[in-house]
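K.L.:
predicted model follows, preceded by the sequence.
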Amino acid sequence: MSLDWMIQIIQSNWPMFLRGAGWTLVIALTGTIIGSLIGLLAGVVRTIPAPEKGIKKNLLKLINAILTIYIEFFRGTPMIVQAMVIFYGSALAFNFHMNPIIAGIVVVGINTGAYMAEIVRGGIISVDKGQYEAAQAIGMNHVQTMIHVVMPQVIRNILPATGNQFIINIKDTAVLSVISVTELFFQTKTVAGNNFRYFESFFVACIIYFIMTFAITLILRYFERKLEGPDNYTVIGNNLHVETAEDMKKKANKGM
Amino acid sequence: METIIEIQRLSKSFGSHEVLKDIHFSVEKGEVVTIIGSSGSGKSTLLRCVNLLEKPSGGQIIYNGENILDDRHDIHQYRRKLGMVFQQFNLFNNHDVLNNCMVGQIKVLKRSKEEAEQIARKYLRVVGMENYINAKPRHLSGGQKQRVAIARALSMEPDVMLFDEPTSALDPEMVGEVLKIMKELAGTGLTMLIVTHEMEFAREVSDRVVFMDKGVIAEEGPPEKIFNNPDQERTREFLKRTLKTV
């Protein structure tokens, strides 16, 4: 029976599954964080208003061109191929054998960065122009405007997309098995290779992946609601307390 | 009288469309100047040029004896001396009412948190919003937002306050509360430059009224003269049109 097999597989291999799931989470999380930082930086640079003349203008143009190439290249090639190229390429070019896990984090980070750069750019564009103008009018420079006014709003706007990216990364770390990163997929393959119960072993992996992604979905939803802030606010000073119709009704009932 | 801002030969084009042509104009210390004119006459653009939200295509803006359109001049330094109130309020959505009035003071003027809070509370009291310091902009009505926006600009203790059609985006019943505060401010000797469609208000508070038409200043003078006995035919026509519809 398949179910008996699954239980047995879990009982005898749970440390391997757990370790695999652990690495999957670590790589996906650090990769997402690195990618988000790259994305934020790239997004901010790509929205700097172009100076009218001088070296600054050309420098900015050059940086933008490099960023565009980076984004288009990493969005346009499969991560599984990028992993092979970076892992074996670094060995060939610098005669340097990368730790597979480090290589995995680098690949996921760079790849996520390319997607996040576009997400952040969209988030920045979606902030009302009036917000920039008000900050500028108060005397803030571009960096101050970004830090104190625009980015807090951007981060709230892009949080759902970032969470989505994190979930994608948890699933996509499976491709890192090609450079022998010992994440969940790799571990499952090893388990299945020993007991030849491929369906049962991978079904267990399937459930573990789902538990991870669903838990993260719930956690992110909680944070999104938190970031929204309270729906109420307190009016200070009692004389201005506004009573709702319900309040007045309650009071009237009490008096009776 | 001491001139705060003097504008000379100012022009502004968007592409081939010339919005402002050869504007000469100045604001004296303590003066309340209103700019009136029909939509598209360039009055908002002129105001936005004064604090460089729009970059003028030509001319000079002299502030305290210096041409701030000079490349060497620090525009951020200049802008903090001007308070701006927008038609669409533009309160910082990520900050509550108190922080809206504090963030500029702390980050731009480098005031301490305590001092900034004290000053912010003072001006929120002036606009009657001190009870709402915890509220986020999305909790407020248009009139309340605009009052906070005025307090935010005042908290920077600017030399000049610029108002860009501050009541145009408000529901009719909220226009009064904002105009009332602006009238009070005008009475305190604050230098104000106001773009408005509220003719009654302009007549009442202004020391000088500037009438703009098709990108030029057609006529300027004391409100009694502009409203009762203008020199120019187009001023007369504009006033006839607007006063009839009000």
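P.N.:
Nice, I can see it. Because the structure is a prediction, the values reported are computed rather than measured. Numbers count the residues shown, from 1 in each chain, chains lettered A, B, ... in the order given.
K.L.:
shouldn't residue A:47 be in contact with residue A:122?
P.N.:
No: with contacts counted by CB atoms under 8 Å, residue A:47 stays clear of residue A:122, the gap being 10.3 Å. (Each C-beta comes from the backbone N, C-alpha and C, glycine too.)
K.L.:
what sits closest to the residue of the stretch 101-250 of chain A found nearest chain B if chain neighbours are left out?
P.N.:
Residue of the stretch 101-250 of chain A nearest chain B, by CB to the nearest CB: residue A:139 (3.1 Å). Take residue A:139 and drop its neighbours on the chain: the residue closest to it by CB to CB, 6 or more residues apart in numbering or on different chains is residue B:80, 3.1 Å away.
K.L.:
residue A:199 versus that neighbour, what's the distance?
P.N.:
According to CB to CB, to the nearest Å, residue B:80 and residue A:199 sit 69 Å apart.
K.L.:
go on, residue B:101?
P.N.:
64 Å.
K.L.:
ok, these two, which is more surrounded?
P.N.:
residue B:101 (32 against 11; other CB atoms under 10 Å in any protein chain shown).
K.L.:
residues contacting the residue of the stretch 101-250 of chain A closest to chain B?
P.N.:
B:76-77, B:79-80, B:104, B:108-109, B:156 (CB atoms under 8 Å, 6 or more residues apart in numbering or on different chains).
K.L.:
show me where chain B has helices.
P.N.:
B:43-50, B:75-79, B:97-107, B:113-126, B:142-155, B:172-187, B:199-205, B:223-228, B:233-245 (DSSP state H).
K.L.:
per-residue pLDDT, the closest residue to residue A:189 other than its chain neighbours?
P.N.:
Spatially, and ignoring its direct neighbours in sequence, residue A:189 is nearest to residue A:177 (6.6 Å; CB to CB, 6+ apart). What the model reports as pLDDT for residue A:177 is 93.
K.L.:
do the same with residue B:45
P.N.:
Value for residue B:45, per-residue pLDDT: 94.
K.L.:
contact partners for it?
P.N.:
B:12, B:19-20, B:54.
K.L.:
mind listing what the nearest residue to it once chain neighbours are set aside touches?
P.N.:
Of all residues not flanking residue B:45 in the chain, residue B:19 sits nearest, at 5.0 Å (CB to CB, 6+ apart). Neighbouring residues of residue B:19 by CB under 8 Å, 6+ apart: B:12-13, B:42, B:45, B:215.
K.L.:
wait, which of the residues you listed is closest to chain A?
P.N.:
residue B:45 (13.5 Å).
K.L.:
how about the residues of chain B by chain A?
P.N.:
B:51, B:53, B:76-77, B:79-80, B:82-84, B:86, B:88-94, B:96, B:103-104, B:107-109, B:130-136, B:139, B:149, B:152-153, B:156 (CB under 8 Å from any CB of the partner chain).
K.L.:
mind telling me what element residue A:181 is part of?
P.N.:
Residue A:181 belongs to no helix or strand when assigned by DSSP states H and E.
K.L.:
wait, what's in contact with residue A:166?
P.N.:
With CB under 8 Å, 6+ apart, residue A:166 has these contacts: A:28-29, A:32, A:216, A:220.
K.L.:
residues near the closest residue to chain A within chain B, how many?
P.N.:
Nearest residue of chain B to chain A, counting by CB to the nearest CB: residue B:80, 3.1 Å away. Residue B:80 is flanked by 21 other residues according to other CB under 10 Å.
K.L.:
residue B:178 too?
P.N.:
25.
K.L.:
was I right about it contacting residue B:165?
P.N.:
No: applying CB under 8 Å, one finds residue B:178 not in contact with residue B:165, separated by 11.0 Å.
K.L.:
in chain A, what residue spans correspond to helices?
P.N.:
A:2-46, A:55-75, A:79-94, A:100-126, A:129-137, A:142-145, A:151-172, A:184-195, A:198-228, A:245-255.
K.L.:
okay if I get the ones you listed as JSON lines plus distance to residue B:182 and mean pLDDT?
P.N.:
Below are the helices of chain A laid out as JSON lines (distance: least, CB to CB, whole Å; pLDDT from 0 to 100):
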{"stretch": "helix A:2-46", "distance to residue B:182": "37", "mean pLDDT": "92"}
{"stretch": "helix A:55-75", "distance to residue B:182": "40", "mean pLDDT": "91"}
{"stretch": "helix A:79-94", "distance to residue B:182": "59", "mean pLDDT": "90"}
{"stretch": "helix A:100-126", "distance to residue B:182": "32", "mean pLDDT": "93"}
{"stretch": "helix A:129-137", "distance to residue B:182": "17", "mean pLDDT": "95"}
{"stretch": "helix A:142-145", "distance to residue B:182": "27", "mean pLDDT": "89"}
{"stretch": "helix A:151-172", "distance to residue B:182": "29", "mean pLDDT": "92"}
{"stretch": "helix A:184-195", "distance to residue B:182": "65", "mean pLDDT": "93"}
{"stretch": "helix A:198-228", "distance to residue B:182": "34", "mean pLDDT": "91"}
{"stretch": "helix A:245-255", "distance to residue B:182": "34", "mean pLDDT": "56"}
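K.L.:
now distance to residue B:211 too, for those, in JSON lines please.
P.N.:
As requested, these are arranged in JSON lines below (distance: least, CB to CB, whole Å):
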{"stretch": "helix A:2-46", "distance to residue B:211": "43"}
{"stretch": "helix A:55-75", "distance to residue B:211": "40"}
{"stretch": "helix A:79-94", "distance to residue B:211": "64"}
{"stretch": "helix A:100-126", "distance to residue B:211": "38"}
{"stretch": "helix A:129-137", "distance to residue B:211": "25"}
{"stretch": "helix A:142-145", "distance to residue B:211": "35"}
{"stretch": "helix A:151-172", "distance to residue B:211": "39"}
{"stretch": "helix A:184-195", "distance to residue B:211": "74"}
{"stretch": "helix A:198-228", "distance to residue B:211": "47"}
{"stretch": "helix A:245-255", "distance to residue B:211": "49"}
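K.L.:
which one of those helices lies nearest to residue B:170?
P.N.:
Closest to residue B:170 of the helices of chain A is helix A:129-137 (CB to CB; 15.4 Å).
K.L.:
double-check residue B:54 against residue B:11; I have them as touching.
P.N.:
No: Residue B:54 is not in contact with residue B:11 according to CB under 8 Å; the separation is 11.4 Å.
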